[in-house]
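Asker: pasting the structure only:
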């Protein structure tokens, strides 16, 4: 009996020991391999970088390339970089992140101490990470040649406090897109602009257009896309709130939308929604749904940017979507001047605490943001470099149209801290307004109160405001 | 002392055998709970933590959305659990004594949704219910009915979510009930029949009391599952309209990953943990008493 017990006790002990050994074995092996890496002097040391991006353009230079995908450009750039880089043997792991997963992924990885080395994304979505002190300033990799080639307004967009935190690569101006075929069918020929221009309508024109479309469109089609399910595509909703002249932010970076003009804009939104000038159920429709409906010719007017616009055209060419005459228009405003905003897209470098990786990451960012061949890929959006824009201006006549719009640009984020959380405050208020739970005035008032509370809280911990 | 030593020697094998699992339990269950409680007292930024006492809890109790999330969660728990138990008893008691092939068919049909991922189910429902281009609104439009946005109406959004979750989950309960009911001794039914008892009476006075342990088990696992309801909300409504369908788990997720308020999220986690404990203890006690 005793023997049996001793035996089973020993068996249990062995089981536990083997498990512990199994656990510790791995770490021992890791330690050995990293030690081995140091010993191999003579060769270049290995540095592995992680680069994340949200979907931008497909292919290295063009979506028509074979196997073109969202990561093609960075894989190509990494290969080119490591071939000519003499300090380290660099490997870049490229990962594409869905736009609506970005903050979740970054927050988890930042808190876990494993942020990516480089993130390529629209600056507006990443400004918050500057305020939180998570990004490295990039001033040391910006030279005079770049400052000359890229207009000051783009540098202003990526400068927080006194430092540059993103290397501008391209920009994506937001506009409306409209289905010129549907306009013609509704007898709106006189409102159709040139195919290579961005049409500007007054608010009165716009109201007439919506009315005519509503009367003439077949059942199941709607004049304009409207959505408020989540924060995706919210910049257009923010732009609509400026339609009657509201400035949105004051000089201290507080929201000031709750005035006569802000409320008027909200009332206009509610009015076009209630009177059936938009798709129904805006409170549970996402911007993706709206875009899909526009492509299916269920909407005559929708939101767009150059990437979405080019993708829509490419889908039509490839037979993936019904073909129609798609054109661009500005978001109208009461003043008659169009409302225009743009997303500057570029790379930033996260603070990882590893000096070597940070340096290599900066070198790589500088490389793909300045290499004469690689910067040409910015033609997929709108180039920030005058040299690239000039080179392609004949091939892409819309570049000039976007350029003409640049004087009407407004900075929709106000570069305020807490912008990511601020984005979560708007859509519930719009939902409340659309379902009639709040009046437009009440929704705007509540948005301002909640939004300013978010900004105030973020200011307290912002490294830019603390300075 | 000697006696304790003896007991220790007597049981050492048992302790050693449960040690691996116990270590896992400590590392993956107990440690996160303690860490969660600790974090709920801190303001967490990715590079620093500062002690703020009960500030996170104060923030929570000043946020009407948090109370809304508790209210919604309670509504979900009560209705989904009641519906699941009632419907599963109804289906199981109607079919358990029928032909084996028929029972298998019923079991299989109700179990298919359980096997399909909740993500897929939510996406399918999302497609059906989308007010702009969904199938249901399309059909309504074609038949000239006015368009009702079930997910965009704060009075209908909760019933829709309750129905979708219930429809996906009920298969599990039906399987468990049928198994339990098949296990009830046949002679009890025969005796009741001889005494002239009706089927309804047999179900209410013999079957349901005898499958009580299963009822308790199903109730507990469903309460715990529904307290954590998240996927349906994330994919179907995003908490909307205007936070009308926010649950505690979704509120926690938003704070942790969207708003980057880990401290507040941890405080929600601690409160959820306490609620789950409070709800489960009486049930667990009842279950152990039975044994």
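Answerer: Here it is on my side, so go on. As the structure is a computational prediction, the values presented were derived from the model and not from experiment.

Asker: Counting neighbours, what do you get for residue A:103?
Answerer: Each residue near residue A:103 was counted by other C-beta atoms under 10 Å in any protein chain shown, and the total is 23. C-betas here are computed from N, CA, C, even on glycine.

Asker: That one: what's it in contact with?
Answerer: Shown in contact with residue A:103 (C-beta atoms under 8 Å, 6 or more residues apart in numbering or on different chains): A:420, B:257, B:258, B:260.

Asker: Let's see the pLDDT reported for it.
Answerer: What the model reports for residue A:103 is a pLDDT of 88.

Asker: Any idea which residue of chain B lies closest to chain A?
Answerer: Proximity to chain A, evaluated over chain B using C-beta to the nearest C-beta, is greatest for residue B:131 at 2.4 Å.

Asker: Quick check, that residue in contact with residue B:152.
Answerer: Yes: with contact defined as C-beta atoms under 8 Å, residue B:131 counts as touching residue B:152 (6.0 Å).

Asker: Neighbour count: the two, which is higher?
Answerer: Looking at residue B:131 and residue B:152 with other C-beta under 10 Å, you find the greater number of neighbours at residue B:152, namely 26 against 23.

Asker: circling back: does the residue of chain B closest to chain A belong to a helix, a strand or coil?
Answerer: When states are read from DSSP: H, G, I helix; E, B strand; the rest coil, the local structure at residue B:131 comes out as coil.

Asker: The residue lying closest to it once chain neighbours are set aside: neighbouring residues, count only.
Answerer: Counting by C-beta to C-beta, 6 or more residues apart in numbering or on different chains, the nearest residue to residue B:131 once its immediate chain neighbours are dropped is residue A:281, at 2.4 Å. Applying other C-beta under 10 Å, we find 30 residues neighbouring residue A:281.

Asker: ok, residue A:281 - contacts?
Answerer: Counting by C-beta under 8 Å, 6+ apart, residue A:281 touches B:130, B:131, B:132, B:137, B:147, B:149, B:151, B:152.

Asker: still on that earlier bit, check the contact lists of residue B:131 and residue B:152 and give me the overlap.
Answerer: Between them, residue B:131 and residue B:152 share the neighbouring residues A:281, A:284, with contact defined by C-beta under 8 Å, 6+ apart.

Asker: Can you name the residues of the stretch 151-291 of chain B sitting close to chain A?
Answerer: Within reach of chain A by C-beta under 8 Å from any C-beta of the partner chain, the stretch 151-291 of chain B has these residues: B:151-154, B:237-243, B:254, B:256-260, B:262.

Asker: Give the residue spans of chain A that score low on pLDDT.
Answerer: The model of chain A has pLDDT under 70 over residues A:1-42, A:467.

Asker: Let me know how buried the closest residue to residue B:231 other than its chain neighbours is, in neighbour terms.
Answerer: Counting by C-beta to C-beta, 6+ apart, the nearest residue to residue B:231 once its immediate chain neighbours are dropped is residue B:118, at 4.5 Å. Using other C-beta under 10 Å, residue B:118 has 18 neighbouring residues.

Asker: now swap in residue A:187 and tell me
Answerer: Tallying neighbours of residue A:187 according to other C-beta under 10 Å, which is how burial is gauged here, yields 12.

Asker: cool, and residue B:132?
Answerer: Here the number of neighbours of residue B:132 (other C-beta under 10 Å) works out to 27.

Asker: May I have the phi/psi pair for it?
Answerer: With angles defined as degrees, to the nearest 10, residue B:132 shows backbone torsions of phi -90, psi -40.

Asker: How about the contacts made by the nearest residue to it once chain neighbours are set aside?
Answerer: On the basis of C-beta to C-beta, 6+ apart, the spatially nearest residue to residue B:132 that is not a chain neighbour turns out to be residue A:279, at 4.3 Å. Residue A:279 makes contact with A:222, A:224, A:225, A:226, A:227, A:285, A:290, A:293, A:298, A:299, B:131, B:132, according to C-beta under 8 Å, 6+ apart.

Asker: thinking the fifth one is in contact with residue A:282, fair?
Answerer: Read it as residue A:227. Yes: in terms of C-beta under 8 Å, residue A:227 counts as a neighbour of residue A:282; the distance is 5.7 Å.

Asker: how much space between the residue most central in space within chain B and residue A:73?
Answerer: With distances taken as C-alpha atoms, centre = their mean, residue B:225 lies nearest the centre of chain B, 2.1 Å away. Distance of residue B:225 to residue A:73, given as C-beta to C-beta, to the nearest Å: 44 Å.

Asker: Show me where the stretch 1-150 of chain B dips below the pLDDT cut-off.
Answerer: Filtered on pLDDT under 70, the stretch 1-150 of chain B yields the residue ranges B:1-4, B:46-47.

Asker: Would you list the phi and psi of the residue nearest to residue B:132?
Answerer: According to degrees, to the nearest 10, the main-chain angles of residue A:279 amount to phi -60, psi 150.

Asker: Show me what the residue most central in space within chain A is bridged to.
Answerer: The residue at the geometric middle of chain A, judged as the C-alpha nearest the mean C-alpha position with C-alpha atoms, centre = their mean, is residue A:122 (3.9 Å). Per DSSP bridges, residues listed as beta-bridge partners of residue A:122: residue A:345.

Asker: Would you agree it is in contact with residue A:341?
Answerer: No: applying C-beta under 8 Å as the test, residue A:122 and residue A:341 come out as separate, 11.2 Å apart.

Asker: Show me what the longest helix anywhere in chain B is packed up against.
Answerer: Within chain B, and with DSSP state H defining each element, the longest helix by residue count is helix B:64-95. For helix B:64-95, the contact count by 3 or more C-beta pairs under 8 Å, 6 or more residues apart in numbering or on different chains; DSSP states H and E identifies helix B:100-115, helix B:157-182, helix B:212-227, helix B:248-253 as packing neighbours.

Asker: what about the ones you listed, which gets the closest to residue A:433?
Answerer: Comparison of these against residue A:433 by C-beta to C-beta identifies helix B:157-182 as nearest, at 16.7 Å.

Asker: Compute the inter-axis angle for that closest one and helix B:100-115.
Answerer: Between helix B:157-182 and helix B:100-115, the angle comes out at 140 degrees (axes from the mean of the first three to the mean of the last three C-alpha atoms, to 10 degrees).

Asker: Pull out the buried residues from whichever helix or strand comes after helix B:157-182.
Answerer: Of the helices and strands lying after helix B:157-182 in sequence (DSSP states H and E), the nearest is helix B:186-194. Taking 16 or more other C-beta atoms under 10 Å in any protein chain shown as the basis for neighbour counts, the residues of helix B:186-194 that come out buried are B:189, B:192.

Asker: Please apply the same query to stretch A:277-297.
Answerer: Residues of stretch A:277-297 classed as buried: A:277-287, A:289-295, A:297 (neighbour count, 16+ other C-beta under 10 Å).

Asker: can you give me the end-to-end distance of that stretch?
Answerer: The first residue of stretch A:277-297 is 15 Å away from its last residue (C-alpha to C-alpha, to the nearest Å).
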